[in-house]
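In: Give me a 3D structure for the following:
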Amino acid sequence: MTNRYQQARDAFRWNVPARFNIGVDACDRWADGSGRLALIFETEAGEVRHWSFDRMRQVSNQLANCWRKAGLGVGDRVAILLPQAPETGIAHLAAYKSGAIAVPLFTLFGPDALQFRLADSGARILVTNAGGLAKIRPLLDDLPALERIYLVEEDESVDVLRAVGAAHAEPGAMPETRVDELPSRPAVLAFHASIADQPDAFESVDTAAEDPAVIIYTSGTTGKPKGVLHAHRVLLGHLPGVEMSHGSFPRPGDLIWTPADWAWIGGLLDVLLPAWHHGVPVLARRFAKFDAPAAFDLMSRHQVTCTFLPPTALRMLRLVPSPRARWPLTLRSAASGGEPLGKELLEWGVAELGLTLHEFYGQTECNMIVSACAPLFDTSPGNIGKPALGHRVEIIDDDGSVLPRGTLGQIAVEVPDPVMFLRYWNNPVATAEKFIGNYLATGDSGIMDDAGFVRFVGRTDDVITSAGYRIGPGPIEDCLLSHPAVREAAVVGVPDAQRTEIVKAFIVLRDGAQPGDDLVRSIQDHVRNRLSAYEYPRAVEFIDALPVTATGKIIRKELARRG
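Out: The predicted structure follows:
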């Protein structure tokens, strides 16, 4: 059989020009007066608004002019604390076209998380809404670099909109009647009102592809969050992985949606910006709390064709019976990354969605470097996929030497690579530690077989050493999910005098299942019989919910601390 993957890999060539700007590429080149659709925004109240690339260009240019007038310079940081919404995309586009550095922030962050990221980045401007302002107000004394907050006007601020400019000479300034409710520093300005009189033409900064564009902070599960600084080229670096993860992308009539917040690399650079690079419209609808039936209904009503669904979302969708019988879905592709899906979810995707779920792998520092792609090769449970076109992925040892195929080691990416980060912000020591020889080391353990398939074993710290065996949590968790009583599962190693560590499973039960010794034995036998005797969980604990990061990844270290 013809090796379609190898042919595509041999033919692939990177096309990264010396001068490149994300804002121009993802918006302006499509704003040709045709009214081409860029965004469908559904509000929490169910109102649907359509935004064209022409309109996105106009408003982002007005915002960029407003910022330039306010003194925003090349390399200055602009923090964006908003959910999926038109203003979120507009702020990103304006920052890139201004030569500034965007700093996306998750709306569910608490005060400590926000204070660290805003202070560490030294953001001069913040774009947020009323909820974000309420979180930020107590932190302002510790954010001396923050000069201006642009407040997106929402329904509850209609009175502010009507009075904008009435009490202050500066256009867009918040009215005097609300001064007692607003901080005296930094200046707080109404987003749309402050840009309404700005020109809609803007000369974008002529950025190099290597110039900084965005800082995305890690979740901080292994210490303090690190600010991952990416160049403008990062968008182009994402494209092969994005295109593979949807089988082929784009196709005429495509509409893409993700429940992942645009503050994370998965929402921003796996969905929003790659779609706009291709001129594909994006559906914006971020649920305050993910609801599986509502997600199916949303995708059905808007005829979504492509989606990125994190594993946590997929596990919740899996609990909904007969989705295709209940909703007329038009999905042709569903991509997922962040945690291995496992056999149970992959089989569910085929049976219930009629789709091969395409797994992909990467991390904030170097994303979308491995992907499944059914048109190029058959997928198999337990493997993520193969290196995305253009990326050179290997398994290395602690000295940076490439290991033989079939050997467990660390997943690594050869330098240079267009999708690779520039450095950690304000953290040269961590930057140096991220590289081993000529490779960026992911910190994840894995195996590459003779056919080039990559199997993710786990975070290097998550691998369990038991009686001489090195055990990854993924296959055990996948097996546990196939037990009829198990809703969610996580596996860690806990200290044991005889075996070094034993496997312990933390289980969230399905509704109606009752914890007890009989169920523990049933779960243990289920793994012992389906996997192996050395992998079954010698300890089982039932809990109400698994601890997860803001992006839905299981925090196994927290479980390990519980013992």
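In: is it true that residue 227 touches residue 425?
Out: Yes. Using Cβ atoms under 8 Å, residue 227 makes contact with residue 425 at a distance of 3.2 Å. All C-beta atoms are positioned from the backbone trio N, CA, C, and that covers glycine.
In: who touches both of these two?
Out: Common contact partners of residue 227 and residue 425 (Cβ atoms under 8 Å, 6 or more residues apart in numbering): 120, 121, 215.
In: quick one: which of those is most hemmed in?
Out: residue 215 (25 neighbours; other Cβ atoms under 10 Å).
In: Residue 365 versus that residue, what's the distance?
Out: For residue 215, the distance to residue 365 (Cβ to Cβ, to the nearest Å) stands at 12 Å.
In: Looks to me like residue 490 is in a helix.
Out: No. Applying DSSP: H, G, I helix; E, B strand; the rest coil, one finds residue 490 to be strand, outside a helix.
In: To what extent is it buried, counted in neighbours?
Out: Neighbour count of residue 490, defined by other Cβ under 10 Å: 25.
In: One more: residue 298?
Out: By other Cβ under 10 Å, the residues close to residue 298 number 18.
In: Return the subset of the shared contacts of residue 227 and residue 425 lying in strands.
Out: Those of the shared contacts of residue 227 and residue 425 mapping onto strands are residue 215, per DSSP state E.
In: can you put the shared contacts of residue 227 and residue 425 in TSV and add pLDDT and distance to residue 415?
Out: Formatted as TSV, these follow (pLDDT from 0 to 100; distance: Cβ to Cβ, whole Å):
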residue	pLDDT	distance to residue 415
120	97	25
121	98	25
215	98	20
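In: any low-confidence regions in the stretch 51-200 of the chain?
Out: 155-184 (pLDDT under 70).
In: and if we set it to 90?
Out: Applying pLDDT under 90 to the stretch 51-200 of the chain picks out residues 108-113, 153-185.
In: how about the helices in it?
Out: With DSSP state H, counting those that start in this stretch as the criterion, the stretch 51-200 of the chain has helices at 53-69, 86-97, 111-121, 130-136, 158-163, 191-195.
In: what's the span of stretch 490-509 from first residue to last?
Out: Its first and final residues considered, stretch 490-509 spans 12 Å by Cα to Cα, to the nearest Å.
In: buried sites along that stretch?
Out: By 16 or more other Cβ atoms under 10 Å, the buried positions in stretch 490-509 come out as 490-494, 499, 501-507, 509.
In: Could you verify my assumption that residue 435 touches residue 442?
Out: No. With contact defined as Cβ under 8 Å, residue 435 and residue 442 do not form a contacting pair (11.1 Å).
In: With neighbour numbers in mind, choose between the two.
Out: Ranked by neighbour count (other Cβ under 10 Å), residue 435 and residue 442 place residue 442 first, with 23 against 14.
In: and the more buried one, what does it touch?
Out: Residue 442 sits next to 363, 365, 366, 410, 411, 412, 413 when contact means Cβ under 8 Å, 6+ apart.
In: what about it, distance to residue 266?
Out: For residue 442, the distance to residue 266 - Cβ to Cβ - is 16 Å.
In: what's the answer for residue 371, then?
Out: 13 Å.
In: the bottom helix or strand of this structure by mean pLDDT?
Out: Sorting the helices and strands of the chain by mean pLDDT, DSSP states H and E puts helix 158-163 at the bottom, at a mean of 39.
In: Residue ranges of each domain in this protein, please.
Out: As assigned by automatic domain parsing, the chain contains the domains 18-216, 233-459, 463-562.
In: of all those domains, which lies closest to residue 3?
Out: Closest to residue 3 of the domains of the chain is domain 233-459 (Cβ to Cβ; 8.1 Å).
In: For that closest one, the averaged confidence score.
Out: Taken as a whole, domain 233-459 has a mean pLDDT of 94.
In: start the count at 553, not 1, going forward
Out: Let's use 553 as the start, then, which means that last one is domain 785-1011.
In: Of the contacts of residue 994, which is the most crowded?
Out: residue 963 (30 neighbours).
In: give the contact list for that residue.
Out: Per Cβ under 8 Å, 6+ apart, neighbours of residue 963: 913, 922, 945, 947, 994, 996, 997, 998, 1006, 1008.
In: Surely the first one is within a strand?
Out: What it means is residue 913. Yes. Looking at residue 913 with three-state DSSP, it is inside a strand.
In: Can you give the distance of the helix or strand where residue 865 lies from its chain's centre?
Out: Assessed by DSSP states H and E, residue 865 sits inside helix 863-869. Relative to the centre of its chain, helix 863-869 is centred 15 Å away, using Cα atoms, centre = their mean, to the nearest Å.
In: Pull the residues that contact it.
Out: Everything outside helix 863-869 that qualifies as a contact, by Cβ under 8 Å, 6+ apart, is 811, 842, 844, 847-848, 861, 875, 888, 890-893, 897, 901, 909, 1033, 1040, 1100, 1104.
In: Among the residues you listed, name the ones in strands.
Out: Assigned to strands by DSSP E, the following of the contacts of helix 863-869 qualify: 888, 1040.
In: what residue is smack in the middle of this structure?
Out: Residue closest to the average C-alpha location in the chain (Cα atoms, centre = their mean): residue 818, at 2.1 Å.
In: That residue and residue 682, how far apart?
Out: Going from residue 818 to residue 682 by Cβ to Cβ gives 26 Å.
In: Show me the contacts of residue 994 that map onto strands.
Out: 915, 918, 962, 963, 964, 965.
In: what about residue 1115, how many residues close to it?
Out: Neighbourhood size, residue 1115 [other Cβ under 10 Å]: 10.
In: which ones are touching it?
Out: With contact taken as Cβ under 8 Å, 6+ apart, residue 1115 is in contact with 1046, 1047.
In: if we go to 7 Å?
Out: residue 1046 (Cβ atoms under 7 Å, 6 or more residues apart in numbering).
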